[in-house]
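Asks: Take this sequence and fold it.
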Amino acid sequence: MLSYTPNNDSVFLHINISNTIVTGEMIYNLFEKDKSTGTPSGIARGDTIIAEYKFLSEGKESISEVAFLKTADNLIEGFGEVEERRNKMVFNNIGELNFNGSMILVNIPCKKNNIQSSLTNLPVAL
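Replies: Numbering: from 1, shown residues only. Below is the predicted model of the structure:
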């Protein structure tokens, strides 16, 4: 499991990569933003992961593209301009994503086999 937990923000991600197929479970709980819980699924190419994050937030289901850069032990979330296409928020240009290190997810021990149970029981920043 990977996490980002500075100050009042928290992001938790359990990710599986099989060959180039990426699946997982993720929670975003960012200060003064709506919490979202869902599943990323996509493709890993080299050190980059591009996935659709299908999530629930405030009772509404949405899909947003997410990107991560793999390092030795961590994932760095990528950011860029987005637009809505076919009811999904997608990056305008994946080649222009910024992996500036503002959100680095670090490995943490995961003691439970059931990740949804683990994610549900994690402390939430207030």
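
Asks: and the spatially closest residue to N87 that is not a sequence neighbour, what does it touch?
Replies: Of all residues not flanking N87 in the chain, I63 sits nearest, at 7.2 Å (C-beta to C-beta, 6 or more residues apart in numbering). Yep, even glycine has a C-beta here, placed from its N, CA and C like the rest. The contact partners of I63, by C-beta atoms under 8 Å, 6 or more residues apart in numbering, come to E52, Y53, K54, F55, N87, K88, M89.

Asks: mind listing which of the residues you listed are in strands?
Replies: Residues of those located in strands (DSSP state E): E52, Y53, K54, F55, K88, M89.

Asks: Pick out whichever of those residues sits closest to I104.
Replies: Comparing the ones in strands among the contacts of I63 against I104 with C-beta to C-beta places Y53 closest, at 17.7 Å.

Asks: beta partners of that closest one?
Replies: Note on Y53: beta-bridge partners by DSSP bridges are P40, S64.

Asks: quick one, what contacts it?
Replies: Y53 touches M26, S36, G38, T39, P40, I63, S64, E65, V66, counting by C-beta under 8 Å, 6+ apart.

Asks: Would you write a ChimeraX line that selects the buried entries of those?
Replies: If you want just the buried ones from the contacts of Y53 in ChimeraX, going by 16 or more other C-beta atoms under 10 Å, the selection is:
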select :26,36,38,40,64,65,66
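
Asks: from the contacts of Y53, which is closest to G95?
Replies: Nearest to G95 among the contacts of Y53 is E65, at 13.6 Å by C-beta to C-beta.

Asks: any idea how far the closest one lies from L30?
Replies: For E65, the distance to L30 equals 17 Å [C-beta to C-beta, to the nearest Å].

Asks: Please, which helix or strand holds the nearest residue to V22 once chain neighbours are set aside?
Replies: Distances taken as C-beta to C-beta, 6+ apart put G42 closest to V22, at 4.8 Å, once the chain neighbours are dropped. Using DSSP states H and E, the secondary-structure element containing G42 is strand 36-45.
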